[in-house]
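Q: Could you look at this predicted model? Sequence included:
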Amino acid sequence: MNHPDRRTGYVTWQIGQIMAARMERALRPLRLTLAQHRALMQAVLDPGVSSATAARRAAITPQSMGTAVNGLVERGMLERRTTPGDRRTQRLHATEAGVRLAAQAAETVDAAHAEALQALTPAEQEQAHALLLKLLASLNPSALEGGGTDEVPPTTPRSCSTPSRTPPVPQT
């Protein structure tokens, strides 16, 4: 039997906590929380996504996503738009400034990932990524929907340090 601190779920949780802290630190100079980053990326990669869908994909509560979205709307990075025929559902759209910030944030997060994964060879990174995607598909299929994730089938290896999709930067 595995020691409780060495069970796969617990080790995965520890890595998730460490990665979240590293990404929060990396995003701080951009005045973004991790939840705001996920909200912004969802709006950039899947324009018109609802806040509820973005929350499910990010595996956070709708209330936490609402707080993240409110902060981005106040900063002019996101806009909420109502859907014709359904005034209760508000859709998230990134502003031009939001798209630029998302591009900066993607570079920042990619660098944090690359630094954290230095202990693994590129082949090990691909293997770990493929296995984690397989688990994620089983545990939270919503996380793999839409434009805010790798959109790679769980059996297809992909390097963890390779950016999934960097948002386009509008030409000004």
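A: Perfect, I can see it now.

Q: On the three-state scheme, residue 89 is what?
A: Here residue 89 is strand, with the state taken from DSSP: H, G, I helix; E, B strand; the rest coil.

Q: for residue 92, that is, sorry about that
A: Going by three-state DSSP: residue 92 is strand.

Q: Run a quick neighbour tally on the closest residue to it other than its chain neighbours.
A: Among residues not flanking residue 92 along the chain, residue 43 sits closest, at 4.1 Å (Cβ to Cβ, 6 or more residues apart in numbering). Backbone N, C-alpha and C define where each C-beta goes, glycine included. Neighbours of residue 43 under the rule other Cβ atoms under 10 Å: 30.

Q: The least confident helix or strand in the chain by mean pLDDT packs against which elements?
A: When the helices and strands of the chain are scored by mean pLDDT, DSSP states H and E, strand 86-94 comes last with a mean of 87. Judged by 3 or more Cβ pairs under 8 Å, 6 or more residues apart in numbering; DSSP states H and E, the packing partners of strand 86-94 are helix 34-45, strand 49-50, helix 51-58, strand 78-83.

Q: Which of these sits closest to residue 117?
A: Checking those against residue 117 by Cβ to Cβ gives helix 34-45 as the closest, at 17.7 Å.

Q: Show me which parts of the closest one are buried, residue by residue.
A: Residues of helix 34-45 classed as buried by neighbour count (16 or more other Cβ atoms under 10 Å): 34, 35, 36, 37, 38, 39, 40, 41, 42, 43, 44, 45.

Q: tell me the mean pLDDT over that helix?
A: The pLDDT scores in helix 34-45 average 95.

Q: tell me the angle of it relative to strand 86-94?
A: Interaxial angle, helix 34-45 versus strand 86-94 (axes from the mean of the first three to the mean of the last three Cα atoms, to 10 degrees): 100 degrees.

Q: Restrict helix 34-45 to CA atoms and write it as PDB.
A: In PDB, the C-alpha atoms belonging to helix 34-45 read as follows (Å, rounded to 0.1, in the frame of the first residue of the first chain):
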ATOM      1  CA  LEU A  34      -5.200  33.000 -11.600                       C
ATOM      2  CA  ALA A  35      -9.000  33.000 -11.800                       C
ATOM      3  CA  GLN A  36      -8.900  36.300 -13.700                       C
ATOM      4  CA  HIS A  37      -6.400  34.700 -16.100                       C
ATOM      5  CA  ARG A  38      -8.600  31.800 -16.700                       C
ATOM      6  CA  ALA A  39     -11.700  34.000 -17.300                       C
ATOM      7  CA  LEU A  40      -9.700  36.200 -19.700                       C
ATOM      8  CA  MET A  41      -8.300  33.300 -21.600                       C
ATOM      9  CA  GLN A  42     -11.700  31.700 -21.900                       C
ATOM     10  CA  ALA A  43     -13.100  35.000 -23.400                       C
ATOM     11  CA  VAL A  44     -10.300  35.400 -25.800                       C
ATOM     12  CA  LEU A  45     -10.200  31.800 -27.000                       C
END
